[in-house]
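Peer 1: What follows is a predicted protein model with its sequence.
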Amino acid sequence: MAVPKSHPRYLSLMIRERIVKGVAQGITSMHGLLAHGRGEAFDYLVGEKTTRKARQQIKKAAKLLLHAKRPIISVNGNAAALCPKELVQLSKAIPAGLEVNIFHPSKSRERKIAACLKRHGAKEVLLPHKGRIRFIASNRRFCNEDGIAKAGLVFVPLEDGDRCQALIRMKKKVISIDLNPMSRTAKSATINIQDNIVRAMPLLVEEVKRQKWLNLNNPD
Ligand code: ATP
């Protein structure tokens, strides 16, 4: 769809286009469109801008990611459609592994998400295999035995509440990005960044790089 740049909702519409394209490419599920719509509504309420509080949450998240034992980045269909490049950049900057984990079961979609991340520079992307997340019954209980199963911290942009709560019950730290402060994810995550993933991810990548540089140059 050709949207003129002068359109007052240009950015929001372009982000929507990325999700629609994700569905067309078989990366995002149809249900992902609805989840995105919910996110859009909350983005409207925060003025479609990164708030000061979100910037503080991004700083805290970067610190936690850099100090975590075996951090892993869990990627679903919406996250892959919206910011594949930044997910790969974050995994390299920390460094942390990338693992595909989706709610609606589809081996083909898992493979397409992994291929999308690889096109954006990822060397390795884990898929659900022999690992299990306890306390949940959905498809998302399957995980990789060398990824989420062993991780001390799971970064889960656009998480569903059940799994966030289950990961916390497994004594893992969880960092989420969720515009809805009332979601179970936002309420139960160790840190929730209340911002649009499209705005938050580049800021998080930069903050991780900044803190790494500071740590190297000021070891005390
Ligand atoms: P709960 O966490 O309460 O169980 P849920 O799992 O039912 O909620 P979903 O329907 O899976 O939530 O929706 C995903 C969540 O992601 C919503 O809370 C929505 O606000 C949020 N969200 C959707 N798109 C974005 C986005 N682009 N950036 C940040 N958050 C988003």
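Peer 2: Great, that's in hand.
Peer 1: so how far is P157 from the closest residue to N180 other than its chain neighbours?
Peer 2: Spatially, and ignoring its direct neighbours in sequence, N180 is nearest to F42 (4.8 Å; CB to CB, 6 or more residues apart in numbering). Bear in mind the C-beta positions are built from the backbone N, C-alpha and C, glycine included. Distance, F42 to P157, using CB to CB, to the nearest Å: 14 Å.
Peer 1: picking that back up, give me the pLDDT for the residue nearest to N180.
Peer 2: Per-residue pLDDT puts F42 at 97.
Peer 1: Pull the contacting residues for G131.
Peer 2: G131 sits next to 142-150 when contact means CB atoms under 8 Å, 6 or more residues apart in numbering.
Peer 1: quick one, phi/psi of the residue nearest to N180?
Peer 2: Main-chain dihedrals, F42, degrees, to the nearest 10: phi -70, psi -30.
Peer 1: same question, R169
Peer 2: In this entry, R169 is assigned phi and psi values of phi -60, psi -30 (degrees, to the nearest 10).
Peer 1: Likewise for F142?
Peer 2: In terms of degrees, to the nearest 10, the main-chain angles of F142 are phi -80, psi 130.
Peer 1: now the helices: where do they sit in the chain?
Peer 2: 10-24, 30-45, 52-67, 77-82, 84-93, 107-119, 161-169, 184-188, 197-217 (DSSP state H).
Peer 1: so which of those helices is the most packed in?
Peer 2: Burial among the helices of the chain, expressed as mean neighbours by mean count of other CB atoms under 10 Å, is greatest for helix 77-82, which shows a mean of 26.
Peer 1: Only the C-alpha atoms, please, for that helix, written as CSV.
Peer 2: Once non-C-alpha atoms are left out, helix 77-82 reads as follows in CSV (Å, rounded to 0.1, in the frame of the first residue of the first chain):
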residue,chain,number,x,y,z
GLY,A,77,6.1,-14.3,14.4
ASN,A,78,5.3,-10.7,15.2
ALA,A,79,8.8,-9.8,16.5
ALA,A,80,10.4,-11.4,13.4
ALA,A,81,8.1,-9.5,11.1
LEU,A,82,8.7,-6.1,12.9
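Peer 1: Quick check: E17 vs G39, distance?
Peer 2: 15 Å.
Peer 1: To clarify, my last question referred to V174.
Peer 2: 18 Å.
Peer 1: For the spatially most central residue of the chain, which residues are in contact?
Peer 2: Residue closest to the average C-alpha location in the chain (CA atoms, centre = their mean): P157, at 2.3 Å. P157 is in contact with 75, 79, 83, 87, 176-177, 197, 200-201, counting by CB under 8 Å, 6+ apart.
Peer 1: and if you look at P71?
Peer 2: Going by CB under 8 Å, 6+ apart, P71 touches 65, 94, 96-97, 151-155.
Peer 1: what does the chain have sitting close to the ligand?
Peer 2: 35-36, 38-39, 42, 82, 158, 160-161, 177-180, 183-185, 196-198 (CB under 6 Å from any ligand atom).
Peer 1: The same query, at a cut-off of 8 Å, please.
Peer 2: Selection of the chain residues close to the ligand by CB under 8 Å from any ligand atom yields 15, 31, 34-43, 78, 82, 103, 157-162, 164, 177-180, 182-187, 195-198, 200.
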